[in-house]
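# missing the sequence, but the structure's below:
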């Protein structure tokens, strides 16, 4: 299949969505799919169009940042790419596809990764997400907590795309825990780094 992703940022930019999408794309490429990503050009040194690890990356010029009309013009110019795609997967930035929506509505999906960084969540943000979830064929929430703060209620829940091998490389930790007794293994020291606010749901993590 030809799969087209749209995301505000993509590798080499660092972030949760970027890692999520990079790991998913690596699997899609191994499965034999053709993958393209449309994203913002966050660094002037990056090429406007390139292929990395089998993924074709098309970058929206940095001068278009925060300019909806320019972004829409760019997307409209790429309409043929959208039409030829079998699946169009939007990561948060659903407004990008509005100029070509009529041509792609039956094959467009959206993943909501987080929120608009303001708490409590604004009415406009809730309404916008609800509308976009209805316009897409289906939606995915990265975390079951999203439905507590937004109006759209997706049945598709994921907790990100990780590479388990990268999480088990620390042999020193494995050796140390193997020497512990059964009761000692239950005692784990945890350091939390982040905002102590309701949206982080730290109390649920502690429980």
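That came through fine. Quick caveat, the model's predicted, so the values are computed rather than measured.

# least trustworthy helix or strand in the chain by mean pLDDT?
Across the helices and strands of the chain, the lowest-confidence element by mean pLDDT, DSSP states H and E is helix 171-178, at a mean of 48.

# Surely residue 23 and residue 163 touch.
Yes: the criterion here is CB atoms under 8 Å, and residue 23 meets it with residue 163 at 5.8 Å. C-betas here are computed from N, CA, C, even on glycine.

# So those two - more neighbours on which side?
Higher neighbour count among residue 23 and residue 163: residue 23, with 15 against 12, using other CB atoms under 10 Å.

# Tell me the spacing between the nearest residue to that one once chain neighbours are set aside and residue 27.
Computed as CB to CB, 6 or more residues apart in numbering, the closest residue to residue 23 that is not its neighbour in sequence is residue 161, at 3.9 Å. Separation of residue 161 from residue 27 (CB to CB, to the nearest Å): 8 Å.

# Neighbour count: those two, which is higher?
It is residue 161, of residue 161 and residue 27, that has more neighbours when counted by other CB under 10 Å, with 17 against 12.

# and the more buried one, what does it touch?
19, 20, 21, 22, 23, 24, 27 (CB atoms under 8 Å, 6 or more residues apart in numbering).

# what's the answer for residue 103, then?
By CB under 8 Å, 6+ apart, the residues touching residue 103 are 79, 82, 83.

# By neighbours, which of those wins?
Within those, most neighbours by other CB under 10 Å means residue 82, with 22 neighbours.

# What's the local residue count around the closest residue to residue 197 other than its chain neighbours?
Nearest residue to residue 197, sequence neighbours excluded (CB to CB, 6+ apart): residue 119, at 6.3 Å. Using other CB under 10 Å, the number of residues around residue 119 comes to 13.

# looking at this, the residue nearest to residue 23 is in a strand?
No: secondary structure of residue 161 (DSSP: H, G, I helix; E, B strand; the rest coil): coil, not part of a strand.
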